[in-house]
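Novice: Have a look; sequence and predicted model below, questions after that.
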Amino acid sequence: MRDQRYNHGSNEYFGFGEVFGYFFRKKDPNKKTNINLKIMHGINKISIIIFLTGIIYLIIKYVF
């Protein structure tokens, strides 16, 4: 029998659904926000964009 823990598909490695969900999720009107939380999410979004840009750059540099 195969152990289910080691059965990884490409969907697990290349699943960007959570990343895109972080950028395009709807705001909860019942949740109270403050400036610290808004700044934290802004910095997180900037860091994700810079990271993905760097990964794309490395892939292009490796291919060409």
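Specialist: Good, I have the coordinates. These figures come from a predicted structure and were not determined experimentally.

Novice: Find the nearest non-adjacent residue to the residue positioned nearest the centre of the chain, please.
Specialist: In the chain, the residue lying closest to the centroid (CA atoms, centre = their mean) is residue 19, at 2.7 Å. With CB to CB, 6 or more residues apart in numbering as the criterion, residue 19 has its nearest non-adjacent residue at 6.4 Å, and that residue is residue 48. Where you see a C-beta, it was placed from the backbone N, CA and C, and this is true even at glycine.

Novice: got a list of what that neighbour touches?
Specialist: Taking CB atoms under 8 Å, 6 or more residues apart in numbering as the contact definition, residue 48 lies against 19, 22-23.

Novice: Same list (the residues you listed) but as CSV, adding pLDDT, secondary structure and distance to residue 36.
Specialist: Converted to CSV, those look like this (pLDDT from 0 to 100; DSSP: H, G, I helix; E, B strand; the rest coil; distance: CB to CB, whole Å):
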residue, pLDDT, secondary structure, distance to residue 36
19, 71, helix, 23
22, 74, helix, 18
23, 74, helix, 20
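
Novice: Quick one: the helices in this structure, in order.
Specialist: Ranges of helices within the chain are 10-13, 17-23, 35-63, based on DSSP state H.

Novice: List the buried residues of the longest one.
Specialist: By 16 or more other CB atoms under 10 Å, helix 35-63 has no buried positions at all.

Novice: Determine how far that helix lies from the middle of the whole chain.
Specialist: Computed by CA atoms, centre = their mean, to the nearest Å, the separation of helix 35-63 from the middle of its chain amounts to 9 Å.
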